[in-house]
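Visitor: A structural model of the following input is requested.
(2 chains)
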Number of protein chains: 2
Amino acid sequence: MNMPTSVMRTVFFVSDGTGITAETLGHSLLSQFEGTHYRQVRVPFVDSPEKARDCVQRIQEAGQRDGLRPIVVSTLVSAAAAEALLETDALVLNLFATFIEPLEQELGCKASRTIGQSHGRANSEDYAARIEAVNFTLAHDDGVSDVDLDKSDVILVGVSRSGKTPTSLYLALQFGIKAANYPLIPEDFERNRLPGALAPHRHKLFGLSISPDRLTQIRQERRPDSRYAALENCRWEIDQAQKLMRREGVRWLDSTTKSIEEIAATLMQTVKLDRHTF
Amino acid sequence: MNMPTSVMRTVFFVSDGTGITAETLGHSLLSQFEGTHYRQVRVPFVDSPEKARDCVQRIQEAGQRDGLRPIVVSTLVSAAAAEALLETDALVLNLFATFIEPLEQELGCKASRTIGQSHGRANSEDYAARIEAVNFTLAHDDGVSDVDLDKSDVILVGVSRSGKTPTSLYLALQFGIKAANYPLIPEDFERNRLPGALAPHRHKLFGLSISPDRLTQIRQERRPDSRYAALENCRWEIDQAQKLMRREGVRWLDSTTKSIEEIAATLMQTVKLDRHTF
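Guide: The predicted structure is shown next:
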């Protein structure tokens, strides 16, 4: 099959900090141009004139190699460094330069222009909250412990391999949310009740469902040709889990076509949970 | 003690998707204005005219309550929804409206204006890579398994509670990087060698160190008044671990004053690791 030849352009994410903001911004914008392919280069910690000059050099080399102007998404705070980038033959989108002035006017004060603020450990309480949430989530993964379930912010339920663990960890790391998770297993369906430990926490439950086709595929990778992975069994478990959640009034969503970020955002909106970090 | 009275202003992060881009961008800009306090409201999934109108209503109410114009950081793609926001008495910073036009000109094509693209599961390979990395990282947390260590992208080492687990999970979830981690324990210092399982993977090792004061504080919370948590012991373990890493040529950083994002970005730069996800 012939693939359409597409032009390869280089995109630089340039920052004096981790580069996360520049990258998030860049991905968000570029996702609007489907079918375009990019070579992505993240350049974090550009916190001196020398590093800015190195970066300018790399941008110029990429432009010459590609025969196309690179795109530069920058969150550089230092005026000197930001200006140096403008000297290159590239499309430069600078978050800071664009938005900081209207904010200064609105707030009636000057930006501190301190570098590396955004994802720095500005607030160590913030850091401690995330670590504590990660520890809690790991200690309450897959129903391993019922202890302190009352300290959880949310408890995810669903059949094995419906996406509970990655979602719980994402909530903990990103937002400092203590997310326990608990599997729904055939024994629960036979008893026709939620696991006993969950009963007092019904208001904190959030369910994940998944399509049988996707579930069988995931389970096949772990235990090929097992009853556990068989399509018929996956279909039965999912059906039973949905009936159980419906009867017990547990809110749930189908994770099949959703990213971890979408699942987390929907959950937080549904359960009315706020981030515990800035 | 009297706290200085400070004006409380409301910041809205408005998006037709998860709101992550708007929030990341907003935090990055606001971190430049220290000492200002904000009430933060995330409004995700604004994907219909009705939801846009609800949002406008909330912005207006907040402005009236605060007696100050709200700040709105928006990534709304729909022109109608974005225009509705401009009707409010607020400072509206719209990422999409600002940067998409120069990008369209540069790329010579129109943005698709599809909503919820940025953190949607546009690419299911991407999703699978992250889940696989999380599973790998959990299976190789705290040295629990030596199996398949050769499949790891990086192996974090350091004394107990130096931040290995949260960093490993962050690398896996955010970038699809398979990060194992392995504790350095008193037995290793007495033998004066790296754990045997790590020897073939020396080029993939990355160390985390921490200040004795911080370590004793973290360990005290877990095992109060233990030898494990005692300042003298923490000082000895850290000193031994640093000597061992220096002798074995393991690159490392001090995590004490760094955020998880900074540790991850530094590690990726040092070990020359790229994200495995878009």
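Visitor: Quick check: residue A:264 is in a strand.
Guide: No: Residue A:264 is assigned helix when assessed by DSSP: H, G, I helix; E, B strand; the rest coil, not a strand.
Visitor: any idea how far it is from chain B?
Guide: Here residue A:264 is placed at a distance of 7 Å from chain B (Cβ to the nearest Cβ, to the nearest Å). Yep, even glycine has a C-beta here, placed from its N, CA and C like the rest.
Visitor: which stretches of the stretch 51-200 of chain A have low pLDDT?
Guide: Within the stretch 51-200 of chain A, the ranges that satisfy pLDDT under 70 run A:120-123.
Visitor: For the stretch 101-250 of chain A, just list every one of the strands.
Guide: Using DSSP state E, counting those that start in this stretch, the strands of the stretch 101-250 of chain A run over A:154-158, A:179-183, A:205-209.
Visitor: For the second one, which outside residues touch it?
Guide: Right, strand A:179-183. A:133, A:136-137, A:140-143, A:149, A:152-160, A:164-165, A:167-169, A:171-172, A:195, A:197-198 (Cβ atoms under 8 Å, 6 or more residues apart in numbering or on different chains).
Visitor: Just the buried subset of the residues you listed, written out for PyMOL, thanks.
Guide: Of the contacts of strand A:179-183, the buried ones can be selected in PyMOL as follows, counting by 16 or more other Cβ atoms under 10 Å in any protein chain shown:
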select buried, chain A and resi 133+136+137+140+141+143+149+152+153+154+155+156+157+158+159+160+164+165+167+168+169+171+172+195+198
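Visitor: In helices only, show me the contacts of strand A:179-183.
Guide: Per DSSP state H, helices hold the following members of the contacts of strand A:179-183: A:133, A:136-137, A:164-165, A:167-169, A:171-172.
Visitor: Restricting to the residues you listed, which residues neighbour chain B?
Guide: Filtering the ones in helices among the contacts of strand A:179-183 for neighbours of chain B using Cβ under 8 Å from any Cβ of the partner chain leaves A:165, A:169.
Visitor: Residues of the stretch 51-200 of chain A that sit close to chain B?
Guide: For the stretch 51-200 of chain A, the contact set with chain B under Cβ under 8 Å from any Cβ comprises A:69, A:71, A:75, A:77, A:91, A:93, A:95-96, A:98-100, A:102-103, A:106-107, A:109, A:111-114, A:116-122, A:127, A:130-131, A:134, A:138, A:141, A:163, A:165-166, A:169-170, A:173.
Visitor: Now list the buried members of these.
Guide: Buried by 16+ other Cβ under 10 Å: A:69, A:71, A:75, A:77, A:91, A:93, A:95-96, A:99-100, A:103, A:106-107, A:111, A:116-122, A:127, A:130-131, A:134, A:138, A:141, A:163, A:165-166, A:169-170, A:173, out of these.
Visitor: related to what we said a few turns ago, for residue A:272, which of the strands of the stretch 101-250 of chain A is the nearest?
Guide: Closest to residue A:272 of these is strand A:154-158 (Cβ to Cβ; 10.3 Å).
Visitor: Run the angle between that closest one and strand A:179-183 for me.
Guide: 20 degrees (axes from the mean of the first three to the mean of the last three Cα atoms, to 10 degrees).
Visitor: Tell me the secondary structure at residue A:41.
Guide: strand.
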